[in-house]
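# predicted coordinates and the sequence they were generated for:
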Amino acid sequence: MDPKTVTFTSGSHSLIITEPGEYLVELVEPNTVVEIKGAFSVKAKEEVAVTIIINHKAPHTRANTTLRGVARDQGFLKFTGRIIIEKDCGDTNSFLTERVLLLSDQARAETIPDLEIKTDDVKCSHAASISRIPEEHLFYLMSRGLSQLEAETVIIEGFLDV
């Protein structure tokens, strides 16, 4: 299956990803700035995969990509992200974040960030994590009068609010 391709030219843009699948984001002119966000939730035995490639094809471009997800029950969530900075595309800045919260012992997740840098004079990095809700966060909210379910709901909603 071919990825959904989105091409951006100079100026500031945003892209919200709401559906699983493959995405190719191309920054094709200098002074293009893109903010990419996506939030996903799986439950029962659902399996969701999101692949995103951010391709900087021009110098002086910026991209910030944030993918967040929550996996419940026996759900599986997979994020694959790649930043490509083409040759002669200096003064480029790109960052990729992939974060997943696991809400059960049977829930699974995989995060695969990747960088392909073909030039100098760039700032490019990635971060990925798979974790559970910290007990101290639940304790804090519950000590303020929320039930455990209410506390979890508040934390999850805040986490997914990209």
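Perfect, thanks for sending it.
# could you pull out the helices for this structure?
For the chain, helices defined by DSSP state H occupy the ranges 135-143, 148-160.
# where does pLDDT dip in the protein?
Applying pLDDT under 70 to the chain flags residues 1, 162.
# tell me, what residue is most central in it?
Closest to where the C-alpha atoms of the chain average out (CA atoms, centre = their mean) is L67, at 1.6 Å.
# need the contact list for it.
I17, K37, G38, A39, F40, V50, I52, F79, G81, T97, E98, R99 (CB atoms under 8 Å, 6 or more residues apart in numbering). C-beta: built from backbone N, CA, C; applies to glycine.
# E110 and A151: what is the separation?
E110 sits 27 Å away from A151, taking CB to CB, to the nearest Å as the criterion.
# for the protein, what spans make up the strands?
For the chain, applying DSSP state E gives strands covering 4-8, 11-17, 21-27, 32-42, 47-56, 62-71, 76-85, 92-102, 108-117, 122-131.
# now do the third one: distance to the chain's middle.
Spelled out, that is strand 21-27. In this view, strand 21-27 has its centroid 13 Å away from the chain centroid, taken as CA atoms, centre = their mean, to the nearest Å.
# and the angle from it to strand 92-102?
Angle, strand 21-27 to strand 92-102, by axes from the mean of the first three to the mean of the last three CA atoms, to 10 degrees: 160 degrees.
# beta partners for P113?
Applying DSSP bridges to P113 yields these beta-bridge partners: G81.
# burial of it, as a residue count?
If you count neighbours by other CB atoms under 10 Å, P113 ends up with 18.
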